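S.K.: Here is my input; please provide its structure:
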Amino acid sequence: MHHAIAKYFESSPGDGEAAGHCGSARLLPWANADGNPCYLVGDGTGYVSRIADSVECLQLDMADGLLGHAEDMLACQRVTSPELRFLARGLADALRDVRRIAESRGARLPPPDQGLDEGED
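M.R.: Just a heads-up that it's a prediction; the model follows:
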């Protein structure tokens, strides 16, 4: 399935929202072929949402593993410059994925309670 059209697979026919409405759109953990973000409009319980959840879990696990590998490599005194560049590329990719996941999940959080005083925790 082409991920850029995923937004059409979970929208309810009678919900009155346009497919491009971003108020309830979920940022998906992948980009289209041009590198643009993909969004999904729906209630979060459909097939594409479950795939997105699985991809996010895999991306977070990979980032965690890469972080452990980076710590090991940086502790080693014989790491070559090409190895460090390769590590930096992997870390940059993982950071981009984790940032996209954080943005997506943050956008789906309910708005904070406006009745609380700023000083309360």
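
S.K.: Tell me how many other residues crowd Ile101.
M.R.: Ile101: 19 surrounding residues under other Cβ atoms under 10 Å. All C-beta spots, glycine's among them, are computed from the backbone N, C-alpha and C.

S.K.: Over to the one 5 residues further on?
M.R.: For Gly106, the count of nearby residues is 9 (other Cβ under 10 Å).

S.K.: now the helix or strand hosting Leu87: mean pLDDT?
M.R.: Per DSSP states H and E, Leu87 falls inside helix 81-107. Taken as a whole, helix 81-107 has a mean pLDDT of 95.

S.K.: What helices and strands are in contact with it?
M.R.: strand 25-31, helix 47-75 (3 or more Cβ pairs under 8 Å, 6 or more residues apart in numbering; DSSP states H and E).

S.K.: now Gly90: how far from Gly106?
M.R.: Between Gly90 and Gly106 the computed distance is 24 Å (Cβ to Cβ, to the nearest Å).

S.K.: At the geometric centre of the chain, which residue sits there?
M.R.: Nearest residue to the geometric centre of the chain (Cα atoms, centre = their mean): Ile101, 2.4 Å.

S.K.: ok, the nearest residue to that one once chain neighbours are set aside - contacts?
M.R.: What sits nearest to Ile101 in space, not counting adjacent residues and going by Cβ to Cβ, 6 or more residues apart in numbering, is Glu56, at 5.1 Å. Shown in contact with Glu56 (Cβ atoms under 8 Å, 6 or more residues apart in numbering): Pro29, Ile101, Ser104.

S.K.: For Glu56, give me the pLDDT.
M.R.: 97.

S.K.: What of the one 3 residues further on?
M.R.: Listed pLDDT for Gln59 reads 97.

S.K.: Start the count at 51 instead of 1 going forward.
M.R.: Okay, residue one is now 51; in that scheme the one you just asked about reads as Gln109.

S.K.: Report the contact partners of it.
M.R.: Gln109 neighbours (Cβ under 8 Å, 6+ apart): Pro79, Ala144, Asp147, Val148, Ile151.
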